[in-house]
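K.L.:
The sequence isn't on hand, but the structure is:
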């Protein structure tokens, strides 16, 4: 069973930094795109940043220059370094990954979500 486990959320002051981690585990053959999304209260889930297996990255305009996504393919882990945090960054942050795995001997390609980690930025 493949799962994504996030860590690193918390409470930080305006202008502070946090680093989120998301580790994928299970019978994983390969991971294509990995990314971070967030959902603030009463808002829809939105893309924050994504990265491909080749290292290409994509960011939401609202976080460009402040957030950096990276991944360690050997550890099946993706990171999100968040600097100069603002109160409007407050949200639950979710990890997402496109994973090829073996399930009961069958090759599968599925999209997985982590359980979410709360990031709160106080003003």
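P.N.:
Yes, it's here. Quick caveat: nothing in here was measured; it's all calculated off a predicted structure. Numbers count the residues shown, from 1 in each chain.

K.L.:
Kindly state the beta-bridge partners for residue 46.
P.N.:
residue 38 (DSSP bridges).

K.L.:
Can you give me the pLDDT of the nearest residue in space to residue 122 that is not next to it in sequence?
P.N.:
Distance criterion CB to CB, 6 or more residues apart in numbering; nearest residue to residue 122, sequence neighbours excluded, is residue 13 at 5.5 Å. Every residue, glycine included, has its C-beta placed from N, CA and C. Looking at residue 13, its pLDDT is 98.

K.L.:
Could you do residue 39 as well?
P.N.:
98.

K.L.:
when you give positions from now on, start the count at 3
P.N.:
Sure, I'll start counting at 3 from here, so that last one is residue 41.

K.L.:
Tell me how many other residues crowd it.
P.N.:
14 (other CB atoms under 10 Å).

K.L.:
Roughly how far does the residue nearest to it when sequence neighbours are not counted sit from residue 93?
P.N.:
Of all residues not flanking residue 41 in the chain, residue 47 sits nearest, at 4.2 Å (CB to CB, 6+ apart). The spacing between residue 47 and residue 93, counted by CB to CB, to the nearest Å, is 9 Å.

K.L.:
wouldn't the residue nearest to residue 41 be in contact with residue 40 here?
P.N.:
Yes - under the criterion of CB atoms under 8 Å, residue 47 makes contact with residue 40 at 7.0 Å.

K.L.:
For these two, work out which one has more neighbours and name it.
P.N.:
Per other CB under 10 Å, whichever of residue 47 and residue 40 has more neighbours is residue 40, with 23 against 15.

K.L.:
Can you report phi and psi for the residue nearest to residue 41?
P.N.:
Backbone geometry at residue 47, expressed as degrees, to the nearest 10, gives phi -70, psi 140.

K.L.:
Could you tell me which residues touch both of residue 47 and residue 40?
P.N.:
residue 96 (CB atoms under 8 Å, 6 or more residues apart in numbering).

K.L.:
which neighbours does the strand or helix carrying residue 60 have in its sheet, and in what orientation?
P.N.:
Following DSSP states H and E, one finds residue 60 within strand 59-61. Strand 59-61 has the following sheet partners, assigned by DSSP bridges: strand 48-53 (antiparallel).

K.L.:
Kind regards, and thank you for your time.
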